[in-house]
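# Sharing a sequence plus its predicted fold:
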Amino acid sequence: MTEYAVVVCGRCGFARLVVAGTGKSRCTHCGYTIDISRAIKHFTGSAREAREVVFRLNASGISNSGKKTGSKRRDVRSFLSKHSVFTIEEFAAYFETSNQEAERRIESLLDQGNVLRKDKDHFEVVR
Ligand SMILES: [Zn+2]
């Protein structure tokens, strides 16, 4: 099975997924050459898990880039406090994203310890 690693760029802090065992990789964010063996933050056999780690790391903010910290960014917590029951579509609309991306974000919310009950076509926040 292919092993994946999550590396974090030493210059800009951008996290990304790589196939483990590759020597060097260029940061897609700033172009810096990353030495993979030194930059590994997380190691996994699952691409899906690695993607979630990448998403979490990047969502927590890239140090000195405006890319992820624009004023349009919306707060998940305020969404959850206003919507105790919501569908993927509502979530996607609120964050101006695709349903697929919304689903991915909801999954990572679960990983962060938020308790959501999944019903047929909607989620319910369990407080
Ligand atoms: Zn970089």
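Looks like it arrived, so ask away. Residues are numbered from 1 along each chain as shown.
# Going by C-alpha atoms from here, please, whenever you check contacts or count neighbours.
Fine.
# Those residues of the protein touching the ion, which are they?
Listed as neighbours of the ion in the chain under the rule C-alpha under 5 Å from the ion: 9, 12, 27, 29, 30.
# Turn those residues into TSV, including secondary structure, pLDDT and neighbour count.
Formatted as TSV, the entries for the residues of the chain next to the ion read as follows, by DSSP: H, G, I helix; E, B strand; the rest coil; pLDDT from 0 to 100; neighbours: other C-alpha atoms under 10 Å:
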residue	secondary structure	pLDDT	neighbour count
9	coil	91	24
12	coil	90	16
27	coil	91	20
29	coil	87	15
30	coil	93	13
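# Helices of this structure, start to end?
Taking DSSP state H to define them, one finds helices in the chain at 36-39, 47-59, 76-82, 88-94, 99-111.
# can I see the domain layout of the protein?
4-59, 76-125 (automatic domain parsing).
# Quickly compare these and say which is most buried.
Using mean count of other C-alpha atoms under 10 Å, the stretch among these with the largest mean neighbour count is domain 4-59, at a mean of 17.
# how distant is that one from the center of its chain?
Taking C-alpha atoms, centre = their mean, to the nearest Å, the mean C-alpha location of domain 4-59 is offset from the chain mean by 12 Å.
# rewinding a little: can you flag the weakest of the domains of the chain by average pLDDT?
Averaging pLDDT over each of the domains of the chain singles out domain 76-125 as the lowest, with a mean of 85.
# how far does that one stretch from start to finish?
End-to-end distance of domain 76-125: 12 Å, with C-alpha to C-alpha, to the nearest Å as the criterion.
# chain center to that domain, what's the gap?
The chain centre lies 14 Å from the centre of domain 76-125; the measure is C-alpha atoms, centre = their mean.
# May I have the beta-bridge partners of the nearest residue to residue 39 once chain neighbours are set aside?
Closest residue to residue 39 in three dimensions, ignoring its sequence neighbours and counting by C-alpha to C-alpha, 6 or more residues apart in numbering: residue 7, at 5.1 Å. Listed beta-bridge partners, residue 7: residue 16, residue 40 (assigned using DSSP bridges).
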